[in-house]
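[1] Structure, please.
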Amino acid sequence: MKLRLTALVGLLVVLCLPAPSSAAERPARIVVDPGHGGAVGGAQSPTGLLEKDVSLQVARRLRTLLEKELGAQVLMTRDEDVALPLPERVEFANKQRPDLFLSIHCNAMPTKRTRARVQGIETYFLSANASNATARAAADRENAEAPVARGAQGDSTLAFILQDLARTEAHQDSSRLAYAIHQKLIASTGGSDRGVLQAPFYVLNGVEAPAVLIEVGYISHPEEGGRLGRADYQERLATAITEGVRGFLAEIRKRDAPKGPRVAAPATP
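    Numbers count the residues shown, from 1 in each chain. Presented below is the predicted three-dimensional model:
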């Protein structure tokens with residue numbers, strides 16, 4: 001009888017112990033992807049500032065803040081001015097088994113009239129269909145480096161993948177991540193809010209984690225292009241993205257936290 005009582009007490013003690021730390025509570029592993037690089041400069045400002053340089057500078061600042069403020073483990077697809085094909089970026093990201101994937105870019109308009117007029121911030125997550133013509137144009141521009149063979153597989157392959165993705169939690173979390181980051185970016189910078197949009201970006205297709213592509217501004221706009229080259233503005237962008245990631249992780253960790261043991265109601269006499 002005494003042994004039974006001891007065993008029962010032991011079981012109750014075990015049930016009352018805190019649950020072991022889950023994967024959701026370990027430091028987040030985040031892949032940061034600065035767009036373009038090397039001979040592929042990307043979009044250009046009226047003064048000659050290149051998208052590849054701005055994206056790398058913002059990404060480095062973002063890495064520092066994510067590590068310092070969130071204790072995250074950050075891996076960069078590139079940390080210098082080198083060309084990196086889009087498939088290799090996706091492959092690198094998946095090898096790291098990240099919790100999040102953040103791709104940093106600058107946007108641009110094609111004509112003199114639109115370059116002078118259009119500015120603002122857009123945050124994207126993957127979809128087979130672009131939200132609007134602007135989103136379609138942004139995806140086409142950023143996908144220009146994509147291999148022809150992959151693109152020639154056609155919309156049916158992409159649609160199949162996306163139908164599967166749509167059923168996954170990662171895709172739903174990509175939407176949550178995009179909104180969390182975008183709200184912080186607009187609040188912090190006061191930039192024109194061009195919205196959270198969807199488009200078929202190659203670099204987001206196939207990443208097995210919540211993934212977003214952030215167009216931090218229109219480098220082709222005379223004023224915004226100038227701001228994107230300033231260290232203080234880049235720091236503000238990186239801080240806002242970090243705060244968006246912080247909010248997203250808090251929400252996800254709360255959702256995924258292990259539930260405590262059920263406590264039986266006391267027996268009525």
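
[2] Who are the contact partners of residue 234?
    Remark: with contacts taken as CB atoms under 8 Å, 6 or more residues apart in numbering, residue 234 is in contact with 54, 57-58, 61, 228. Glycine gets a C-beta too; all of them are placed from N, C-alpha and C.

[3] and the longest helix for the protein?
    Secondary structure of the chain per DSSP state H: the longest helix is helix 231-256.

[4] quick one: buried residues of that helix?
    Taking 16 or more other CB atoms under 10 Å as the neighbour-count basis, helix 231-256 is seen to contain the buried residues 233-249, 252.

[5] and if you look at stretch 75-91?
    Within stretch 75-91, the residues that qualify as buried are 75-78, 84, 86, 89-90, counting by 16+ other CB under 10 Å.

[6] how deep is residue 144 tucked in, by neighbour count?
    Using other CB atoms under 10 Å, residue 144 has 12 neighbouring residues.

[7] go on, the one 3 residues further on?
    Residues lying near residue 147 (other CB under 10 Å) number 11.

[8] quick revisit: using a markdown table, lay out the buried residues of stretch 75-91 together with secondary structure and pLDDT.
    A markdown table is the format used below for the buried residues of stretch 75-91 (DSSP: H, G, I helix; E, B strand; the rest coil; pLDDT from 0 to 100):
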| residue | secondary structure | pLDDT |
| --- | --- | --- |
| 75 | strand | 98 |
| 76 | strand | 98 |
| 77 | coil | 98 |
| 78 | coil | 98 |
| 84 | coil | 96 |
| 86 | helix | 95 |
| 89 | helix | 97 |
| 90 | helix | 95 |
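
[9] of all these, which comes closest to residue 48?
    Nearest to residue 48 among these: residue 78, at 21.3 Å, using CB to CB.

[10] Need phi/psi at that closest one.
    With angles defined as degrees, to the nearest 10, residue 78 sits at phi -150, psi 140.

[11] just residue 114 next, same as before
    Torsion angles at residue 114 (phi, psi; degrees, to the nearest 10) stand at phi -70, psi -30.

[12] From residue 202, how far out is it?
    Counting by CB to CB, to the nearest Å, the gap from residue 114 to residue 202 is 24 Å.

[13] Looking at the spatially closest residue to residue 249 that is not a sequence neighbour now. What's its pLDDT?
    Taking CB to CB, 6 or more residues apart in numbering, and ignoring the residues beside it in sequence, residue 249 has residue 28 as its nearest neighbour in space, at 5.8 Å. Model confidence at residue 28, given as pLDDT, is 97.

[14] List the contacts of residue 28.
    By CB under 8 Å, 6+ apart, the neighbours of residue 28 are 66, 70, 72-73, 99-100, 245, 249.

[15] Residue 120 and residue 192 touch, don't they?
    Yes. Using CB atoms under 8 Å as the test, residue 120 is close enough to residue 192 to be in contact (3.1 Å).
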